[in-house]
Structures are given as structure tokens and as C-alpha cells.
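Chemist: Pasting a predicted model and its sequence here:
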Amino acid sequence: MYSERFYQLALWLTPGVGDMLTRLLVSNCGSAEAVFKLPPGKLQKIRGIGDLLSRTIAAKTSFVQTEQMLQRLDQGGYTFLFFTDKNYPPRLKSLYDAPAVLFFKGQGTMNHPRTVGIVGTRKATDYGRRLTEEIVEQLAPYQPAIISGLAYGIDITAHKAALKYDLPTFGVMANGLDTIYPAEHQKTAFQMQELGGIVSEQPLGIKPDRRFFLNRNRIIAGLSDVVLVIESAKKGGAMGTAEYANNYNRDVFAIPGNLKNPGSEGCNFLIYHNKAQLFLDVPSMVDSLNWGEQSANAKDHLQDLSMLSQEESQIMSLLRDAGSQHIDDLAWRSQIPMAKLASLLLNLEFQGLIRSLPGKVYGLS
């Protein structure tokens, strides 16, 4: 009677389940539908599922809400991505705290070859806003997607600059997509949907709430190959995003600022404590990311993988789609045994197709 898509959303909406248990249950049972068809007694045997939760799942308590939610998504032109979907962002999929469900509206793909997260204070200075636009303009030849949080200050400046230079840009929101917050950014959010889009882990109807913003920042970091902090106080959302980016093995850059300007304390702190590289200019950052001419030629070369084995081609495709990856993430996503994977990576490195980065991370050459 119901599709797998229905069961996926219904499982995630079930009270007491959430992201981690959704992933656990689907991994154990093979599908969301199978979870609902499993007897409560067998559900209880799965780690983390007690008597109460197993009976809640079996009672299908979320089915009415799911029907209503799917209808609202369809009427508003929204969609949702489940963590097992092909279009679910691969940069997020391997993260230990990845959202099981993402709500999305737009024409762009979050699986863009290159992504830059640009974050900073809501109380941006004229210098910070001007620098943000200049950086996006200089990034334009490399055609990255710009990721930010649609907030006042640095965020909205980055989104508008991306639109100005025809770059896809994605706004990660801390509330349901049916409420654009702040309301003044509705026009920009609409324009972003042509090449990019808006995304949230919060279902429709959820209003902005302070406790959701920190979680939102982990998605900005997870979607980004590199996070650039323009201006930030020592405490704030941008600092949280930088912390997540470090935990996810993402590159982090920060722009140094006036020692007497509170809006630069965060950036200076990150640089001093080696939590961010010093941003000098776009060319040096691009060189660090290997996005220059050599990298472009290497990506062109990847279009013909006929000379590689099937497993080597799989590794190259994963790195091309998701950017630099830790060896553990590559093993999980490719399902290649670790010993064999290490040998394949070494061979690809000898061929000059990939490069080894600190911390057992690999990226394209």
C-alpha cells in the first residue's frame, strides 16, 4: 500500500527514533519498510531499541503525520533525501552524525565537484562584506558551489555574490523550508533555487529556534570541501562551523583581522591555535586545494577510466564526486577490504592520479 519513500519518512518521524536509530534500523533490516514489518519482539533485540520504542514503531504512530507531510512537500515543490538515496550528498553520507533526512528545494545538485563554505558574523563590517564579494568573484573561474547559512552579514553577502557571478549556492537553514529566516532574504532564497537551493534537516512547519543553529552548522561544514571564515567573534556560529570542519577533516581558512576589532577575534584565534590556515588570497588557497590548472587537467583525464581496473575506477569516482576522503570513509563507501584498498591507493598515487594528505586522507592530484 505504501512506497519505500513513505516508510523512510515515517520511520524518521516516529517519536524516539531520530537520525542515528533510523540509520541503525535500516542497516539492520535492509529497508525502512522491513523495519515496520518486523515483529516488536525482534525489534527489541536490535541494540538501542527497547520495549517502548519497538511498540511505538509497530503501532505506526507517525503514518498520519507522514501522509500530511508528503502532501505538503509535493504541494510546495519540496523534496526529501534519505541517507540511502543516490542523490544524498556523498560528502555528508560518511559522517558519523549525518542527518538521516534532508529536505531540499532547488534545481542544483549538492554533489557539486567543488564546494566552498563561507561563514562569518552577522555583524559584518563593510570591509568583511567587500572582501567576501571579492573572494567569490576570484573563485568564479573555478566554478565552486558556495555554501552558507542565509543569515545576516557574511552569509547573505556570500550568497548574493555567488548569484552575481553565476555560481550555484546553497543555503542551509535551521528551520523548515517553508519559513525563510530572516524574512528579508526571501527574494535571495528564491533566486538561489535556480542553480542551487535551500536545504534543512528540519521538517516543514518547524520555526527558527536557537538550539537548531548549532546542528545546522555541521551540515554547512559537511557539505564543504573548504570552510572560509571571513569575520567572527571568539564565540559564534562561524566558530562552530570551523570546529565541525576540523572534525570532518575539511580544510579551514581564516582571514586575519585587526587585533582591536572584536569581529576578528575568532579568526585570529583559529589561526593562532592552528585550527585554520592563514588566508592570504584566493590563488594561494586554490593552490593548497589543488584546484589549479593541474587539478583541472587531472579531472579531465578522469573522464576516461578505461585503463583502470573496476575497483580503481570506483575509487577515482568517489574522490571526484566527494572530494578528499579519509581511508576509512573510502573503505566504507567502496566496500573494498582495507588491505586491498591501501594497495590500490598506493598504485593510483604512483600513477600521479591521487595524492596522499595528512591523516590518511586522499584526494585527486
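Modeler: Okay, I see it. Numbers count the residues shown, from 1 in each chain.

Chemist: Give me the secondary structure label for Phe170.
Modeler: For Phe170, the assignment made with DSSP: H, G, I helix; E, B strand; the rest coil gives strand.

Chemist: And the pLDDT at Leu214?
Modeler: Per-residue confidence for Leu214 comes out at a pLDDT of 87.

Chemist: ugh, wrong one, Phe279
Modeler: What the model reports for Phe279 is a pLDDT of 95.

Chemist: Glu349 belongs to a helix?
Modeler: Yes - remark: Glu349 belongs to a helix, assigned using three-state DSSP.

Chemist: Quick check: Thr56 touching Thr14?
Modeler: Yes - with contact taken as Cβ atoms under 8 Å, Thr56 and Thr14 are classed as touching, separated by 6.2 Å. Just so you know, the C-beta spots here come from the backbone N, C-alpha and C atoms, and that holds for glycine as well.

Chemist: which one of these two has more residues nearby?
Modeler: Under the neighbour definition other Cβ atoms under 10 Å, Thr56 and Thr14 were set side by side, and Thr14 has more, 24 against 19.

Chemist: and the more buried one, what does it touch?
Modeler: Thr14 makes contacts with 56-57, 61-62, as judged by Cβ atoms under 8 Å, 6 or more residues apart in numbering.

Chemist: try Leu228
Modeler: With contacts defined as Cβ under 8 Å, 6+ apart, Leu228 is in contact with 116-119, 135, 252-255, 279, 285.

Chemist: Most neighbours among these, which one?
Modeler: Sorting the contacts of Leu228 by how many neighbours each has (other Cβ under 10 Å) puts Gly117 first, at 33 neighbours.

Chemist: Now do that one against Asn247, distance only.
Modeler: When Cβ to Cβ, to the nearest Å is the yardstick, Gly117 and Asn247 sit 14 Å from each other.

Chemist: if we can go back for a sec, of the contacts of Leu228, which is the nearest to Leu163?
Modeler: The shortest approach to Leu163 among these belongs to Ile118, at 13.2 Å (Cβ to Cβ).

Chemist: what about Leu318, how many residues close to it?
Modeler: Number of residues near Leu318 (other Cβ under 10 Å) recorded here: 18.

Chemist: That one reaches Gln325, doesn't it?
Modeler: Yes - with contacts counted by Cβ under 8 Å, Leu318 reaches Gln325, the gap being 6.6 Å.

Chemist: Find residues that contact each of the two.
Modeler: Between them, Leu318 and Gln325 share the neighbouring residues Arg333, with contact defined by Cβ under 8 Å, 6+ apart.

Chemist: ok, which stretches of this protein are strands?
Modeler: In order along the chain, the chain carries the following strands (DSSP state E): 79-82, 101-105, 115-119, 145-148, 169-173, 197-200, 226-229, 251-254, 277-278, 325-326, 354-357, 361-364.

Chemist: wait, doesn't Ala276 sit right on Cys267?
Modeler: Yes - contact criterion Cβ under 8 Å: Ala276 and Cys267 qualify, at 7.3 Å.

Chemist: what about the two, which has more around it?
Modeler: Cys267 (31 against 25).

Chemist: mind checking how far that one is from Val227?
Modeler: 12 Å.

Chemist: that older thread, helices - which of the contacts of Thr14 land there?
Modeler: With helices defined by DSSP state H, the entries of the contacts of Thr14 inside them are 56-57.

Chemist: nearest spatial neighbour of Glu137, skipping sequence neighbours?
Modeler: With Cβ to Cβ, 6 or more residues apart in numbering as the criterion, Glu137 has its nearest non-adjacent residue at 5.7 Å, and that residue is Tyr165.

Chemist: Sweet, I'm off.
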